[in-house]
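Peer 1: mind folding the following:
(one chain, ligands or ions: 1)
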Amino acid sequence: MIVDEAKKELSLQERDGAIEEIAARLGARAERGRRFAELTSLRVGGAIDWVISPVTEEQAAAVVYELDRAGIAWRALGSGSNVLADDAAHHYVVVSLKELKGEAHFDGERVSVSAGYSLPRLCIDAGRRGLAGIEGLGGIPGTVGGALWMNAGAYGHEIGNVTESVRVAREGRVVEVPGSEVKWDYRHTSFREGELLLGATLHLRPDDPEKIGARMLEAKNKRLATQPHGARSAGCFFKNPPGSSVGTGKMIDEMGMKGERRGGALVSPIHANFIVTEGEDAKAADALALAEEIRERIRREKGIELEYEVELWRAEAPKESPESGAESPESKTSEESESSKESEESSGLQTPDSRLQTPKEEKR
Ligand SMILES: Cc1cc2nc3c(=O)[nH]c(=O)nc-3n(C[C@H](O)[C@H](O)[C@H](O)COP(=O)(O)OP(=O)(O)OC[C@H]3O[C@@H](n4cnc5c(N)ncnc54)[C@H](O)[C@@H]3O)c2cc1C
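Peer 2: Purely as a prediction, here's the structure:
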């Protein structure tokens, strides 16, 4: 109806006005016209209404507080290396943490760093200073915030193991939460949807920089040998099934699906658990169709329900959104996950729908 349309239009205008006002008042850059295709490593995904890029932890905490108060939906995005956002227009605010990098502050065995700081950069910085404990994470192409959010890990190291405290946005303020109060599971943590991570203090251990460098090189070489290099991917697409001695990549490979293509998405010929996108016309729908085809075949042929490792972001909030902050059913030690997989990922039992996530405000 015309009246309803006019109302909707007006409320969108009001929302846009509120977003501009909040960003201007807090001095944060707010942009329109960005697309997930520019902001995620899969290089697909639709238009985003607004991207706000805070540059300090205090500013970021204030931005999300004001958005929450105004009832405006938002979502945090780091480097976008673990997100598949669908092709439609996303009517919410993306709070990008990429500009929230600052400096890494080293103090003895500790380093304090903001959420937007590059994880690979931090691993190099720490290694050069003779601080060990995160050198296995050097090849994970994301921000510290993204790594904390999902307890990123590889080659025997998980970020949760060395996190002394995490700075979180609460009621517009920066609040320090001891790492011991966070549940660090396999690629999952107890942080709740709607919680913005601002930074962390890691407690590392002293070691010979040369030895650390050698371990970093070893991890890098393993990656280069087993994973597609320079491809548009989000890392492993699926977790390994719990209790299975065969990794998901191997299962997909054994089904002869390496190189299988749907539109602009294909199963990497190098690592079958990587879906990569190619060409200007690649769509998120291509990657999702291929992923669902893989899941269907594994379900049919092996009776196994694969859980997504990447986060699937819907443009629109579904009427009833499942609780994606639910605890992961399985957690694994680094050693277990190392042995159970070609590279670094592992298990879980979530249904696909529980990974179809909605913006933070709408989840509450
Ligand atoms: C080639 C390749 C290799 C990979 N290898 C590995 C690997 O070995 N091990 C591994 O664990 N992962 C791996 N990944 C996946 C990915 O790099 C990690 O999950 C990484 O930690 C994601 O960080 P990000 O900044 O890109 O997060 P994003 O993809 O931007 O976000 C991921 C999730 O974290 C949330 N988030 C991000 N920042 C914040 C914040 N500050 N506050 C609150 N929520 C936040 C987002 O809302 C989203 O839900 C790989 C990816 C690629 C492309």
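Peer 1: could you find the closest non-adjacent residue to P120?
Peer 2: Of all residues not flanking P120 in the chain, G138 sits nearest, at 5.4 Å (Cβ to Cβ, 6 or more residues apart in numbering). For the C-beta atoms, the positions are set from N, CA and C on the backbone; glycine is no exception.
Peer 1: what residues does the chain put near the ligand?
Peer 2: For the chain, the contact set with the ligand under Cβ under 6 Å from any ligand atom comprises 41, 75-83, 97, 115, 140-143, 145-147, 149-150, 152-154, 187, 196-197, 233-235, 311, 343-344.
Peer 1: PyMOL command for the buried members of these?
Peer 2: Selection of buried members from the residues of the chain next to the ligand for PyMOL, criterion 16 or more other Cβ atoms under 10 Å:
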select buried, resi 41+75+76+77+78+79+80+81+82+83+97+115+140+141+142+143+145+146+147+149+150+152+153+154+187+196+197+233+234+235+311+343+344
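Peer 1: in helices, which of the residues of the chain next to the ligand appear?
Peer 2: 145-147, 149-150 (DSSP state H).
Peer 1: adding pLDDT and distance to L224, write the residues you listed out as CSV.
Peer 2: Listed next are these as CSV, based on pLDDT from 0 to 100; distance: Cβ to Cβ, whole Å:
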residue, pLDDT, distance to L224
G145, 98, 26
G146, 98, 22
A147, 98, 21
W149, 97, 26
M150, 94, 23
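Peer 1: so of the residues you listed, which two are at opposite extremes in space?
Peer 2: Pairwise distances across those peak at 10.1 Å for G145 and M150 (criterion: Cβ to Cβ).
Peer 1: could you pull out the strands for the stretch 151-300 of the chain?
Peer 2: Remark: strands assigned in the stretch 151-300 of the chain by DSSP state E, counting those that start in this stretch are 153-154, 157-158, 163-170, 173-178, 184-185, 188-189, 196-203, 205-206, 261-262, 265-267, 275-277.
Peer 1: one more: the stretch 1-150 of the chain?
Peer 2: With strands called from DSSP E, counting those that start in this stretch, the stretch 1-150 of the chain shows them at 29-31, 34-35, 47-53, 74-77, 83-85, 90-96, 105-107, 110-114, 131-132.
Peer 1: tell me the helices and strands packed up against the second one.
Peer 2: Spelled out, that is strand 34-35. Packing partners of strand 34-35 (3 or more Cβ pairs under 8 Å, 6 or more residues apart in numbering; DSSP states H and E): strand 47-53.
Peer 1: check the fifth one too.
Peer 2: Using 3+ Cβ pairs under 8 Å, 6+ apart as the contact criterion, the secondary-structure elements in contact with strand 83-85 are helix 284-302, strand 311-313.
Peer 1: for the residue nearest the centre of the chain, give me its contacts.
Peer 2: The residue lying closest to the centre of the chain (Cα atoms, centre = their mean) is N82, at 4.0 Å. By Cβ atoms under 8 Å, 6 or more residues apart in numbering, the contact list for N82 reads 142, 146, 150, 234-235, 309-311.
Peer 1: okay if I get the strands of the stretch 151-300 of the chain as CSV plus mean pLDDT?
Peer 2: Shown next, in CSV, are these (pLDDT from 0 to 100):
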stretch, mean pLDDT
strand 153-154, 92
strand 157-158, 92
strand 163-170, 98
strand 173-178, 98
strand 184-185, 94
strand 188-189, 93
strand 196-203, 98
strand 205-206, 98
strand 261-262, 97
strand 265-267, 98
strand 275-277, 98
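Peer 1: just for this protein, where's the confidence low?
Peer 2: 1-10, 317-364 (pLDDT under 70).
Peer 1: beta partners of the nearest residue in space to E20 that is not next to it in sequence?
Peer 2: The shortest distance from E20 to any non-neighbouring residue, by Cβ to Cβ, 6+ apart, is to A30 (6.2 Å). Bridge pairing for A30 (DSSP bridges) gives the partners I52.
Peer 1: can you count the residues close to A30?
Peer 2: Neighbours of A30 under the rule other Cβ atoms under 10 Å: 18.
Peer 1: same question, R299
Peer 2: Close neighbours of R299, defined as other Cβ under 10 Å, add up to 12.
Peer 1: also R110?
Peer 2: R110 has 15 neighbours, counted by other Cβ under 10 Å.
Peer 1: quick one, what contacts it?
Peer 2: 164, 201-204.
Peer 1: again, 7 Å this time
Peer 2: Residues in contact with R110 (Cβ atoms under 7 Å, 6 or more residues apart in numbering) are 164, 201-203.
Peer 1: do G160 as well
Peer 2: By Cβ under 7 Å, 6+ apart, the contact set of G160 is 151, 182, 184, 189.
Peer 1: and of the residues you listed, the nearest to the ligand?
Peer 2: For the contacts of G160, the minimum distance to the ligand (Cβ to the nearest ligand atom) is 7.6 Å, reached by N151.
Peer 1: which one of the contacts of N82 is nearest to P242?
Peer 2: Looking across these and measuring by Cβ to Cβ, the closest to P242 is E309, at 13.3 Å.
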